[in-house]
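In: The following comprises the amino acid sequence and a computationally predicted model.
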Amino acid sequence: MLVETPSRDLLDLPVAGASLHAAAGGRVTLADQLDPARPTLLVFLRHLGCLFSRRMVKEIRIAADHAEAGHADRRYPRVVFIHSATREQAAGFFGRYWPGVTAISDPELRLYDAVEAPRATIGQILSPRTAAAALATVWKGYLPGAPAGRPWLLPTVLLVSPQGKVLHRHAFRHAGELPDFGQFNLAHLGGTGRAPRYTPAPAPEPGSGYPAPGSPAAGSGSR
């Protein structure tokens, strides 16, 4: 279990995916994906056909763009996505929602299991809460697709130090839960990665557009 400081075995696991960081020697590990100078946000997604996964990636991208716009020093954690689809399935997904972001393919769920990412219950996928979240997400322009990866996973978000110590873990209560990812702006955390308080994302207002000022993703299609 990844609790405070993960085992060396976990950090040394070889990983595959897109836009990975590699140390000298050619062997690519999870430890290589951690930023050496600031915290890293490890985001374990549901399947890539899930409309909540699509919105989550875009929300994190917008939060990162807002945090780093106009600043020479980078104020948002490095973002690393972990998904259960194949690299081929993931290429189109991330090419649309965040080209160039680091994305680890884990179809065998080695990393998911190592961090004890939960499997969803029926109630966490089919409930009034998730139905309301789905309607809000469709309102934003996101539609579901065919499952790409394991459909019974819940997301997990870990904020980890350069040494791999877990600074904060967000445990999702249902499939449609969406934290306010702006809370991970390092300027808000004093640059230390201190655990933020949970704040749900604001509900969409009728007729409101998708907020992305300062983001290169602004105005891009999200369906």
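Out: The structure has been received and is ready for your questions. Residues are numbered from 1 along each chain as shown.
In: Now do the SS call for residue 175.
Out: coil (DSSP: H, G, I helix; E, B strand; the rest coil).
In: Nearest to the middle of this protein, which residue? Look it up for me.
Out: Central residue of the chain (Cα atoms, centre = their mean): residue 43, 3.2 Å from the mean position.
In: Helices of this structure, start to end?
Out: Assignment of helices within the chain using DSSP state H yields the ranges 8-11, 51-68, 87-97, 110-114, 122-125, 128-139.
In: And for residue 37, the neighbour number?
Out: 8 (other Cβ atoms under 10 Å). C-betas here are computed from N, CA, C, even on glycine.
In: List the beta-bridge partners for the residue nearest to the residue nearest to the centre of the chain when sequence neighbours are not counted.
Out: Of all residues not flanking residue 43 in the chain, residue 81 sits nearest, at 5.0 Å (Cβ to Cβ, 6 or more residues apart in numbering). On the basis of DSSP bridges, residue 81 is bridged to residue 43, residue 103.
In: Tell me where the model's unsure across the chain.
Out: The chain contains residues with pLDDT under 70 at 1-8, 24-25, 70-74, 189-223.
In: switch to 80 and redo it
Out: For the chain, the stretches flagged by pLDDT under 80 are 1-10, 23-26, 68-74, 120-121, 123-138, 141-149, 174-176, 187-223.
In: What residues does the residue lying closest to residue 132 once chain neighbours are set aside make contact with?
Out: Among residues not flanking residue 132 along the chain, residue 176 sits closest, at 7.5 Å (Cβ to Cβ, 6+ apart). By Cβ atoms under 8 Å, 6 or more residues apart in numbering, the contact set of residue 176 is 52, 129-130, 132-134, 137.
In: Sweet, I'm off.
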